[in-house]
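Structure for this input, please:
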Amino acid sequence: DRKSISNRYNKVLRLTSYPVAVKMFEHLEEFQEVKDKKGRPVGRIGEGKFTVCQLLAQARYLGKTIAGIAESLSMCMPGAAAMGFQELPEGFADGHVGAYYTDEEIARKNMAAIPKLEMGKYVAMLASPLERMPIDPDIVLFFGNTAQIYRFIHGYLYNRVGRLEFSSSGLVGCSDLIVAPLQSGRPGI
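All right, here's what the predicted structure looks like:
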């Protein structure tokens, strides 16, 4: 029961925002069949373009269950590319020289190293507070301070041997939050 799981996390950790459940859809028909508790289609992004992080923020801060098709989630080109919704234009990485990287080669290699889902595999994405997610999610995002995140790490390693390892470039956070854990099957931070 997603609602009771969400309530337990909130009770133990005193989270300051909703845990966000994310579902990726491979087929438009599957996406269009998703209904809320009242049997209505889930909210969808209207006309215009948005970023993946805007979709996540609406679920996280506003408590909205909201979805978008690949074309509507293309405002941030690197985020859309990480989700496999579109290819980055030729020379896109070069635009980051001077701001994030010293030269074109470093920019291209760092952009190429960002985890990405298979191009065209997914056609839509749904984000919702965990307690309101109408279907089983692919991943759940928790946002917290250092102490709260340490509790997640402790819980994950409670009956396992090892360490959690993760990576980040400081860019394209949706890739670090969604893509890397989906690909590895392990939590990310």
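
Strands of this structure, start to end?
In chain order, the chain shows strands spanning 20-25, 43-44, 66-69, 124-129, 139-141, with DSSP state E as the criterion.

Quickly run through the sheet partners of the last one, with directions.
To tie it back to what came earlier, the one meant is strand 139-141. strand 20-25 (antiparallel) (DSSP bridges).

Point out the other elements, helices or strands, that the lowest-mean-pLDDT helix or strand in the chain touches.
Every helix and strand in the chain was compared by mean pLDDT, DSSP states H and E; the lowest is strand 43-44, with a mean of 80. Packed against strand 43-44, as judged by 3 or more CB pairs under 8 Å, 6 or more residues apart in numbering; DSSP states H and E, are the following elements: strand 66-69. From N, CA and C alone the C-beta is placed, and that goes for glycine too.

mean confidence for the strand it packs on?
Average pLDDT, strand 66-69: 92.

for Arg151, what are its contacts?
Arg151 makes contact with Val12, Leu13, according to CB atoms under 8 Å, 6 or more residues apart in numbering.

Next: Val34.
Lys23, Pro41, Val42, Ala67, Leu126, Pro134, Ile135.

wait, which of those residues is closest to Ser184?
Lys23 (18.4 Å; CB to CB).

For the closest one, grab the count of nearby residues.
22 (other CB atoms under 10 Å).

can you pull out the helices in the protein?
Under the criterion DSSP state H, the chain contains helices at 2-13, 28-32, 52-62, 77-82, 104-112, 146-157, 173-174, 180-184.
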